[in-house]
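Colleague: how would this look folded up:
(one chain, ligands or ions: 2)
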Amino acid sequence: MGFMAGKKALIVGVASDRSIATGIAEAFAREGCEIAFTYQNERLQGRVIKLAERLGQNTDLLFPCDVSSDAEIDAVFAALGKTWDGLDILIHSVGFAPREQLEGGFTDAVTREGFAIAHDISSYSLAALAKAAVPMMEGRKAAILTMTYYAAEKAVPNYNVMGLAKASLEACVRFLAADLGAKGIRVNAISAGAIKTLAAAGISGFREMLKHAEKSSPLRRTVTTEEVGNVAAFLCSDLASGITGEITFVDAGANIMAMPPLDD
Ligand code: NAD
Ligand code: 0WE
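Modeller: Ligands and ions are numbered 1, 2, ... in the order given. I've put the predicted structure just below:
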């Protein structure tokens, strides 16, 4: 029996087989967790149906949810509440800024609108989903998990306003954890190393970033969505009952290096 047997999870953020959310779903299913999914729009619906089928999940528990819409967020939990009497786990694996924000220098690229969209979709959406999920999650050893990136702490070229949004997201994790702990809800984040997903497609210099990680991380390689999924399963299971408000790096150690070796 898996270490998540009897748990019920809602996963937000599957867009393809390469999504970090897909790696999380695979680990959860393997450990005996039941999973409901959302998808951003009809364009992605088919992918999520296929994943739910492949993982042997109930294909009635798939809901559209653009996280910029309070109405769509409310509708997800109204619908989920018709089948499940509670929710143990909420996965938030969503990030977005308008493409032109992720190119060139920060000062030139940043705009009021780009800043607002990045923070709305990448940070506020965690608070919005948590707010809507609390009635189904309180009083049952529940856990919320989001995905962040090192650029929340240190300036990474081209990541620009997304770095600010990730800093806000990490603060959101701490404020939610402080507030929801008394209701039995833990809130954490995984800070993943760079992985080639849809969100990384077409980012200028991304291949070079992966190459850099292969040379400079302690493990001399990048990480996989499977490795992120396994840590997500641990953090959302009762094995991690003493951990909340924490940012856990799954990056082959890259973030600990002050003087990374660049030529071996
Ligand atoms: P991905 O493209 O597979 O996933 C991003 C998801 O965000 C997609 O499912 C997309 O549908 C969703 N999304 C975007 N705007 C949305 C909206 N308005 N409403 C609902 N959903 C929306 O890419 P990924 O790399 O798996 O990204 C998942 C998370 O992991 C993001 O928060 C990302 O910042 C984070 N992350 C990624 C990496 C990496 O290198 N790939 C590293 C660290 C953290
Ligand atoms: O969080 C991310 C990706 C975030 C992202 C990606 C896109 C591409 C498509 C947010 N918004 C958009 N908008 C789009 O239109 N990562 C951690 C992956 C990533 O993205 C980078 C990186 C890394 C790493 C962008 C620049 C530099 C490094």
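Colleague: please count neighbours and contacts with C-alpha atoms only from this point.
Modeller: OK.
Colleague: report the backbone C-alpha coordinates of the lengthiest helix in the chain in PDB.
Modeller: What stands out as the longest helix in the chain, according to DSSP state H, is helix 161-180. Below are the C-alpha coordinates for helix 161-180, written out as PDB (Å, rounded to 0.1, in the frame of the first residue of the first chain):
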ATOM      1  CA  VAL A 161       9.300  40.100 -13.400                       C
ATOM      2  CA  MET A 162       8.600  36.400 -12.900                       C
ATOM      3  CA  GLY A 163      11.400  36.600 -10.200                       C
ATOM      4  CA  LEU A 164       9.400  39.200  -8.400                       C
ATOM      5  CA  ALA A 165       6.200  37.100  -8.700                       C
ATOM      6  CA  LYS A 166       8.100  34.000  -7.300                       C
ATOM      7  CA  ALA A 167       9.300  36.100  -4.400                       C
ATOM      8  CA  SER A 168       5.700  37.100  -3.700                       C
ATOM      9  CA  LEU A 169       4.600  33.500  -4.100                       C
ATOM     10  CA  GLU A 170       7.200  32.300  -1.500                       C
ATOM     11  CA  ALA A 171       5.900  35.000   0.900                       C
ATOM     12  CA  CYS A 172       2.400  33.800   0.200                       C
ATOM     13  CA  VAL A 173       3.400  30.300   1.200                       C
ATOM     14  CA  ARG A 174       4.600  31.700   4.600                       C
ATOM     15  CA  PHE A 175       1.500  33.800   5.200                       C
ATOM     16  CA  LEU A 176      -0.800  30.900   4.300                       C
ATOM     17  CA  ALA A 177       1.100  28.500   6.400                       C
ATOM     18  CA  ALA A 178       1.000  30.800   9.400                       C
ATOM     19  CA  ASP A 179      -2.800  31.400   8.900                       C
ATOM     20  CA  LEU A 180      -3.900  27.800   8.100                       C
END
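Colleague: can you list contacts of that helix?
Modeller: 96-97, 101-102, 106, 110, 114-115, 118-119, 122-124, 126-127, 148-149, 151-153, 155-156, 185-189, 244-247 (C-alpha atoms under 8 Å, 6 or more residues apart in numbering).
Colleague: now list the buried members of those.
Modeller: Buried members of these, counted by 16 or more other C-alpha atoms under 10 Å: 96-97, 101-102, 106, 110, 114-115, 118-119, 122-124, 126-127, 148-149, 151-152, 185-189, 244-247.
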